[in-house]
Structures are given as C-alpha cells and as structure tokens.
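# 3D, please:
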Amino acid sequence: MSIGISIFLLLAGAILRFAVTWSPQHINLQIVGVIFMIAGGVGLIASTVLYFMKRRRLQAQEAAFQPPRYTQPPPRYTEPPPPGYMESPPPRYMEPPQPPL
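I've put the predicted structure just below:
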C-alpha cells in the first residue's frame with residue numbers, strides 16, 4: 001500500500017466517520033469510517049517504514065560501490081582512423097521532385 005492510498009483511506013474514513021449523517025439499514029458508515037482510518041494509519045506507517053528501509057539499502061549500495069581510480073591517463077591512438085571514418089553521412093531526406101520543364 002503506498003503513502004497516497006493510505007492518506008486517501010484516512011481521509012475517506014474521516015469523512016465517513018465525522019461528516020456523513022445518513023445511515024443505511026444494514027451497514028453502519030461510522031464503523032466503516034473507523035475501519036478505513038485504522039487501515040490507512042497502519043498502511044501509512046508500514047509504507048513509511050518500507051520507504052526508509054529501501055532508501056537506507058540504496059545508500060549502502062551506493063557507498064559500497066567505488067568506481068575504479070585511474071592512475072595513468074588513457075593511451076593515445078597512434079594508428080590512423082579506418083577509411084571512411086570521417087566521411088559525411090548520407091542525406092537524411094530525398095530531394096523534392098522537380099517540376100517538368
């Protein structure tokens with residue numbers, strides 16, 4: 001359950017519990033509102049804990065990864081480039097058709 005859904009459940013439960021005065025025969029909307037608020041609170045706590053656990057794990061992985069340190073510059077190329085390396089690319093579009101003369 002994400003943080004957004006948890007907040008939505010909290011708000012919907014509060015509306016059902018405190019703002020709705022109409023009550024159908026077979027269901028008590030105030031109890032449903034309390035259940036929604038409890039589910040939203042539990043979901044909000046769980047998703048926040050999971051979010052911070054994931055964030056801590058990612059930071060630990062980034063700290064463990066050390067990019068290689070180069071002590072010498074890369075070697076320079078002494079060979080000439082292969083033939084056709086610096087040729088101009090083919091045209092992207094065809095020339096428009098010319099009207100007949």
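
# how about the helices of this protein, start to end?
Ranges of helices in the chain, per DSSP state H, are 3-14, 29-64.

# hmm, who's touching the first one?
With CB atoms under 8 Å, 6 or more residues apart in numbering as the contact definition, helix 3-14 has outside contacts at 32-41, 43-44, 47-48, 51. Using the backbone N, CA and C atoms, a C-beta is placed for each residue, glycine as well.

# Can you tell me which of those residues lies closest to Tyr93?
Using CB to CB, Tyr51 comes nearest to Tyr93 of those, at 49.9 Å.

# nearest residue to the closest one other than its sequence neighbours?
Residue nearest to Tyr51 in three dimensions, not counting chain neighbours: Ile3, with 7.3 Å by CB to CB, 6 or more residues apart in numbering.

# related to what we said a few turns ago, ranking the helices of the chain by mean pLDDT, which is last?
Mean pLDDT values for the helices of the chain show the minimum at helix 29-64, a mean of 87.
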